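Trainee: pasting the sequence and the predicted model now:
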Amino acid sequence: MADTIITSENPSLSSPLNPSNRIICRVCQKQFSQYTCPRCNSRYCSLQCYKSHSLRCTESFMRENVVEELGQMQPDDETKHKMLDILKRFHSEEDMDSMDEDDSGLSEETIQKILSGGCQVSLDDLSPNEKRLFQRAMASGELSKMIEPWVPWWLKPAARTLSLSQEGTQLVQPLIKQETSVSSEDDPESNQANEIPPGPETPLPPVSKLIATEPSPLLTVHLVDILYSYCFTLRIYNGDWQSDALGSAMVLLSISSVLGQAGLPETILEAVSHCLEQTCSPAYRHLGGLQFGLGLLDDVITLLFLGSPALVCSLCDLQRLIQAGERELKLGKPRKSKRPDIRSKLKLAERKIYFIMCWVHEQPDEAWSSLAAIVKTEKGSTMDFAASQRSVKMEDKSKSRGKILIEEVQ
């Protein structure tokens, strides 16, 4: 018996016990629908149909989610100033596109609210025109283009002069915030130094006090996996993992085989391959795929060449990230705490990071230059393999074009 095709918008009566009833996509009217719009309950078959079924519906749904997410954030003064700069730049660009000056600028009242710090500015505080411009900027992605690109701390000159004490702690303790805020504005080198993640506040114990046996020779391999995951997380969060500590921690666990999947890679090639596979997976492919992953390998190589102080500071920053994620998890946000094993994974990851940080502190700097050379070699091999795969695909395409599809039979 032929399948029953339903073209109405009424909910489907199909079930595992009655699979014959199927609904045609309301947009293209060609394919069977597989999804339902969460806002208007229209049935559609693909992402393309979802985007085109109702522009007003999709923009409204995205806007509500963004507004809800923004409502959960607790902005500080620095965040408010950043958002004010973004909005000002956006309005100035609107002016260049021949918009009315009276309609394009932020009102003086809104600016004073942002700068006062005494109250938070919500979407309701904006004028109708400001709301329209802000929502248009969110929907079109213009706000993200106005965010200044983040320069990783390990690429700054101050990272080359990092030094720690013999116990692994930072040599210079930070001054009181009020004292440093005055001098840092006039001292670019001081600003760069403040952007370097601080080292441990307490002395690092020797590895012999942590375990009774000799450390595994595979720790160098595991370090590459962890450093790659750290660079990945900071890159996609533009260096600001504090804005979503738990989300950053979950990204870290999804990339790292050692921290998130209890993996034990035995070679640098195995560790690098896993990290690149995760980077090219559907969840992160939009970030740039293989080219983005190769850039992260360059970040790992740079950190290794900087030596033990930079490695200890990066691992210490990573430990703080995990600890902040644990604290955020305790707040009990339902949307982020669905899996009961997240807390145990974070605890285990924190212990592994601390152990490797103690181990790194005991290693000579010569070990890191050698490890960096190995990672560089594996990166070159990956690039050669990718190039050969592209050439093979091109040859296959050229052969298929010249192939005779229909041959006359005598």
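Mentor: Happy to help now that I have it.
Trainee: residues in contact with residue 168?
Mentor: 199-200, 203-204, 312, 357-358, 361 (CB atoms under 8 Å, 6 or more residues apart in numbering). C-betas here are computed from N, CA, C, even on glycine.
Trainee: what does it show for phi and psi?
Mentor: Torsion angles at residue 168 (phi, psi; degrees, to the nearest 10) stand at phi 90, psi 0.
Trainee: quick check, pLDDT for it.
Mentor: pLDDT, residue 168: 82.
Trainee: quick one, strands of the protein?
Mentor: Assigned by DSSP state E, the chain shows strands spanning 4-6, 21-23, 35-36, 43-44.
Trainee: which other residues reach the last one?
Mentor: Under the contact criterion CB under 8 Å, 6+ apart, strand 43-44 has outside partners 9, 12, 23-27, 33-37, 50, 53.
Trainee: selecting buried members of those in PyMOL, what would you type?
Mentor: Filtering the contacts of strand 43-44 down to the buried ones (16 or more other CB atoms under 10 Å) takes a single PyMOL command:
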select buried, resi 23+24+25+26+27+33+36+37+50+53
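Trainee: follow-up on the earlier one: looking at the strands of the chain, which has the lowest confidence?
Mentor: strand 4-6 - the lowest mean pLDDT of these, at a mean of 46.
Trainee: check contacts around the residue lying closest to residue 28 once chain neighbours are set aside.
Mentor: Distances taken as CB to CB, 6 or more residues apart in numbering put residue 49 closest to residue 28, at 5.5 Å, once the chain neighbours are dropped. Applying CB under 8 Å, 6+ apart, we find residue 49 in contact with 25, 27-28.
Trainee: tell me the one of these nearest residue 86?
Mentor: residue 27 (34.4 Å; CB to CB).
Trainee: now do the closest one, the pLDDT please.
Mentor: Reported pLDDT for residue 27: 83.
Trainee: so how far is residue 377 from residue 292?
Mentor: 20 Å (CB to CB, to the nearest Å).
Trainee: tell me which of these two has more neighbours.
Mentor: A direct count of neighbours by other CB atoms under 10 Å for residue 292 and residue 377 places residue 292 higher, at 18 against 12.
Trainee: that one touches residue 279, doesn't it?
Mentor: Yes. Residue 292 lies in contact with residue 279 (CB atoms under 8 Å); the separation is 6.1 Å.
Trainee: neighbours of the closest residue to residue 259 other than its chain neighbours, just the number please.
Mentor: Nearest-residue entry for residue 259: residue 349, 4.2 Å, with adjacent residues in sequence omitted and distances by CB to CB, 6+ apart. By other CB under 10 Å, 25 other residues sit near residue 349.
Trainee: residue contacts, residue 349?
Mentor: 249, 252-253, 256, 259-260, 322 are the contacts of residue 349 under CB under 8 Å, 6+ apart.
Trainee: and if you look at residue 220?
Mentor: 268, 367, 371.
Trainee: which of the residues you listed are buried? Put it as a PyMOL command.
Mentor: Buried residues within the contacts of residue 220, by 16+ other CB under 10 Å, are selected in PyMOL with:
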select buried, resi 268+371
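Trainee: which one of the contacts of residue 220 is nearest to residue 308?
Mentor: Once CB to CB is applied, the member of the contacts of residue 220 that ends up nearest residue 308 is residue 367, at 8.9 Å.
Trainee: tell me how far the closest residue to that closest one other than its chain neighbours lies from residue 35.
Mentor: Once flanking residues are discounted, residue 367 sits nearest to residue 220: 7.4 Å by CB to CB, 6+ apart. Applying CB to CB, the value for residue 220 to residue 35 is 46 Å.
Trainee: who touches stretch 203-213?
Mentor: Counting by CB under 8 Å, 6+ apart, 165, 167-169, 215, 312, 355, 357-359, 361-362 sit against stretch 203-213.
Trainee: please repeat the previous calculation with a cut-off of 6 Å.
Mentor: Contact with stretch 203-213 is made by 167-169, 215, 355, 358-359, 361, as judged by CB atoms under 6 Å, 6 or more residues apart in numbering.
Trainee: which one among these gets closest to residue 233?
Mentor: Looking across the contacts of stretch 203-213 and measuring by CB to CB, the closest to residue 233 is residue 355, at 19.7 Å.
Trainee: mind listing what the closest one touches?
Mentor: Here residue 355 is in contact with residue 210 (CB under 6 Å, 6+ apart).
Trainee: ok, 8 Å please
Mentor: Residue 355 sits next to 207, 210-211 when contact means CB under 8 Å, 6+ apart.
Trainee: next: residue 269.
Mentor: Neighbours of residue 269 in contact, by CB under 8 Å, 6+ apart: 378, 381.
Trainee: check the gap between the closest residue to residue 378 other than its chain neighbours and residue 22 for me.
Mentor: Nearest non-adjacent residue to residue 378, counting by CB to CB, 6+ apart: residue 272, 5.0 Å away. The gap separating residue 272 from residue 22 is 45 Å, by CB to CB.
Trainee: the two: which has the busier surroundings?
Mentor: Just comparing residue 272 and residue 22: by other CB under 10 Å the higher neighbour count belongs to residue 272, 25 against 14.
Trainee: okay but that one is in contact with residue 381, surely?
Mentor: No. In this structure residue 272 lies outside contact range of residue 381 using CB under 8 Å: 9.1 Å.
Trainee: tally of neighbours for residue 64?
Mentor: 11.
Trainee: so what's the predicted local confidence for it?
Mentor: 70.
Trainee: kindly report the same for the one 10 residues further on.
Mentor: At residue 74 the predicted local confidence, pLDDT, stands at 63.
Trainee: using PyMOL, define a selection of the buried residues within the contacts of stretch 203-213.
Mentor: Those of the contacts of stretch 203-213 that count as buried under 16+ other CB under 10 Å are selected in PyMOL with:
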select buried, resi 168+169+215+355+358+359+361
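Trainee: and the two most separated of the contacts of stretch 203-213?
Mentor: 169 and 215, at 21.4 Å, using CB to CB across the contacts of stretch 203-213.
Trainee: start and end of stretch 249-264, how far apart?
Mentor: 20 Å (CA to CA, to the nearest Å).
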